[in-house]
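# Just need the structure, nothing else, for what follows:
(one chain, ligands or ions: 3)
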Amino acid sequence: MFERRQPIPIGEAVKKIMEYQIPGKMEYVLIEESYGRFLAEDLIATCDVPHFDRAPYDGFAVRSIDTTNASQSNPIEFEVIDHIGAGMVSNKVVKDNQAVRIMTGAMMPEGTDAVVMLEVAKTYEKNGTPYMSIKRSFKKGENVSFRGEDATKGEILVKKGTLINPGIQAMLAAFGYKKVPVAQKPIVGLFATGTELLEVEEPLLPGKIRNSNSHMIAAQIERAGASVQYFGKLPDEFDTCFEAVKDVIGKVDLLVTTGGVSVGDFDYLPEIYKKLNAEVLFNKVAMRPGSVTTVAHYNGKLLFGLSGNPSACYVGFELFVRPIIRKQLFTEKPHLRKEKAKLDVDFPKANPFTRLVRSTVTIDGGRLRVSPSGLDKSNIIMSLAGANSLMILPGGTRGIQAGSEVDVLLLEDQTGSEWPW
Ligand SMILES: Nc1nc2c(c(=O)[nH]1)N[C@H]1C(S)=C(S)[C@@H](COP(=O)(O)OP(=O)(O)OC[C@H]3O[C@@H](n4cnc5c(N)ncnc54)[C@H](O)[C@@H]3O)O[C@H]1N2
Ligand code: MOO
Ligand SMILES: [Mg+2]
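Ligands and ions are numbered 1, 2, ... in the order given. Purely as a prediction, here's the structure:
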């Protein structure tokens, strides 16, 4: 008897997956290798930045009190007693009407509390001794970059789970993190199933197609922040697939398969889950494409049976695999970022399931606009190239008109959402 599957809403399916507590793991990598990784600990200031008062301009370090009476009609003269650049430290103590010629980044000499920019000082020599004079007063602290103005020791600056960007690289260096605590990349095992599949380099044959999904998913796994362990393609043969799947489960953190998950005579994933005695969390989701996406739990591991249809596979990955990867990377917002956008075209046909349309979001006058990036069928590959988002069209009895506001999930954005539905 044919077993009819019971579709569950997307939000419920995501929830079932996210209930699995798969703890993230930490490792240390050299700062040179940390760009693009996720912080495994809060980034804390290990020192004040800067850790000394310094000059933000090229000029003269003075005691502001000596400048009080300076004016256009009353220039005040200073004897220049030392000359320092960044990295140099003056050992002179600056006294009444004395100054140190100082360059940007150099430490303020003892006794000084203001910097006169080169442009406003008149310089000259008297008997071989350098002097300078100014025609305006300077306040205490004027033109000084103070110790700790950028960061104070002990301050929490970046939260655990944040993607390391070039700015964070600068901070890590400034605080002396030669080794950076980052989230270990979860290892995602990957199989493509299908007797019809050819390798990329093989010539086309009748009834056969090139295996494009494994390359697509490998890239999605990397985009999500994990490592892919590709185990190759499998023919649609039960025993071969069962043994192969069983064999690798212990070697990976998550296992993704593509194809063979629907109700066809050669779709063996459902039977494989049964024979493994895996707990199937769901085998039908009320969405298009990707309705056949099946997720099972076995021996502490999640097994993701993504559809063989390329677009269905792609969408299934982004909705269900990405967040569990991001969770293991300590991200607080593991889901795709959800925003509102104005729809550019009509979708007159009703659909009972929520549709996730591969789309292109553009920014127009500061507002998001969205249109499909190509044909909206689950067996389509080409619409994926221009997809920077998934437009969410709620299921129902009516279509949706151009000009309506719709939700979009942004595929390239790193901010994320806590919980989309
Ligand atoms: N009677 C029913 N038939 C189908 C149903 C259904 O509910 N009842 N669901 C349809 C839906 S929706 C989808 S989506 C597909 C899902 O099929 P499977 O996930 O079992 O995948 P396959 O049958 O193995 O392949 C489907 C399709 O995708 C191509 N494919 C597979 N692997 C790859 C790959 N690595 N690279 C590129 N293309 C691949 C494959 O050749 C097929 O054309 O089932 C519907 N049927
Ligand atoms: O799983 Mo299918 O993708 O709904 O067309
Ligand atoms: Mg099938």
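# residues from the stretch 151-300 of the chain in reach of ligand 1?
192, 194, 196-197, 209, 211-214, 258-264, 267, 289, 291-292 (CB under 6 Å from any ligand atom). Placement of C-beta: from N, CA and C, glycine included.
# Mark which of the residues you listed are buried, thanks.
Those of these that meet the buried threshold are 192, 194, 196-197, 211-214, 258-262, 267, 289, 291-292, by 16 or more other CB atoms under 10 Å.
# hang on, the earlier thing: so which of the residues of the stretch 151-300 of the chain next to ligand 1 reach ligand 2?
Near ligand 2, by the rule CB under 6 Å from any ligand atom, you find 289, 291-292 out of those.
# Inside strands: which ones of the residues of the stretch 151-300 of the chain next to ligand 1?
192, 197, 209, 258 (DSSP state E).
# and those, which two are the farthest apart?
Spatial extent of these (CB to CB) is set by the pair I209 and T258 at 12.7 Å.
# nearest to V14, of the ones in strands among the residues of the stretch 151-300 of the chain next to ligand 1?
The nearest one, if we look at these relative to V14 and count by CB to CB, is T258, at 19.2 Å.
# List the contacts of the stretch of helix or strand A13 belongs to.
Using DSSP states H and E, A13 falls within helix 10-18. Helix 10-18 has contacts (CB atoms under 8 Å, 6 or more residues apart in numbering) with 281-282, 285-287, 293, 295, 302, 319-320, 323-324, 327, 334-335, 354, 420-421.
# What's the mean pLDDT across it?
The pLDDT scores in helix 10-18 average 96.
# about what we covered before: please convert the ones next to ligand 2 among the residues of the stretch 151-300 of the chain next to ligand 1 to TSV, extending it with distance to K139.
Conversion of these to TSV gives the following (distance: CB to CB, whole Å):
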residue	distance to K139
P289	66
S291	70
V292	71
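# Dump those residues to a markdown table, plus distance to I84 and pLDDT.
Shown next, in a markdown table, are these (distance: CB to CB, whole Å; pLDDT from 0 to 100):
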| residue | distance to I84 | pLDDT |
| --- | --- | --- |
| P289 | 67 | 97 |
| S291 | 71 | 97 |
| V292 | 71 | 97 |
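# Sort out which of the buried ones among the residues of the stretch 151-300 of the chain next to ligand 1 are in helices and list them.
213-214 (DSSP state H).
# residues of the helix holding A13 that come out buried?
10, 13-14, 17-18.
# repeat for stretch 100-119
Quick answer for stretch 100-119 (16+ other CB under 10 Å): 100-103, 105-109, 111-116.
# likewise stretch 193-211?
193-194, 196-197, 211.
# which stretches of this structure have low pLDDT?
Applying pLDDT under 70 to the chain picks out residues 1-2, 420-421.
# Which part of it gets nearest to ligand 1, residue-wise?
At 2.6 Å from ligand 1, G308 is the closest residue in the chain, using CB to the nearest ligand atom.
# and this protein, which residues reach ligand 2?
288-292, 307, 309, 312, 378.
# Please tabulate those residues in CSV and include distance to Q169 as additional columns.
Converted to CSV, those look like this (distance: CB to CB, whole Å):
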residue, distance to Q169
R288, 41
P289, 38
G290, 36
S291, 42
V292, 42
S307, 38
N309, 40
A312, 38
S378, 40
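# which stretches of the stretch 251-400 of the chain form helices?
269-276, 310-316, 322-328 (DSSP state H, counting those that start in this stretch).
# who's in contact with the first one?
Spelled out, it's helix 269-276. Counting by CB under 8 Å, 6+ apart, 193, 238, 241-242, 245-246, 257, 260-261, 280, 283, 294, 296, 298, 303, 305 sit against helix 269-276.
# same check, this time on the last one
Outside helix 322-328, the residues within contact range by CB under 8 Å, 6+ apart are 14, 17-18, 20, 22-25, 183-184, 186, 188, 220-221, 224-226, 253-254, 302, 333-336, 416.
# what do you get if the cut-off is 7 Å, keeping everything else the same?
14, 17-18, 22, 24, 183, 186, 224-226, 254, 302, 334-336, 416 (CB atoms under 7 Å, 6 or more residues apart in numbering).
# Of these, just the buried ones, ChimeraX syntax please.
The buried residues among the contacts of helix 322-328 can be selected in ChimeraX (16+ other CB under 10 Å) with this line:
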select :14,17,18,22,24,183,186,224,225,226,254,302,334,335,336,416
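# From the contacts of helix 322-328, which land in strands?
Using DSSP E, the contacts of helix 322-328 in strands are 183, 254, 302.
# Going by distance to ligand 2, which of the residues you listed wins?
Nearest member of the ones in strands among the contacts of helix 322-328 to ligand 2, counting by CB to the nearest ligand atom, is L302, at 18.7 Å.
# from what I can see the closest one touches D253, true?
No: between L302 and D253 there is no contact under CB atoms under 7 Å: 8.7 Å.
# Run a quick neighbour tally on G36.
12 (other CB atoms under 10 Å).
# got the contact list for it?
G36 touches I164, counting by CB under 7 Å, 6+ apart.
# go on, E405?
Going by CB under 7 Å, 6+ apart, the list of residues near E405 reads 340, 342.
# Okay, and the beta partners of it?
K342 (DSSP bridges).
# cool, and the one 5 residues further on?
Counting by DSSP bridges, L410 is bridged to R337, S389.
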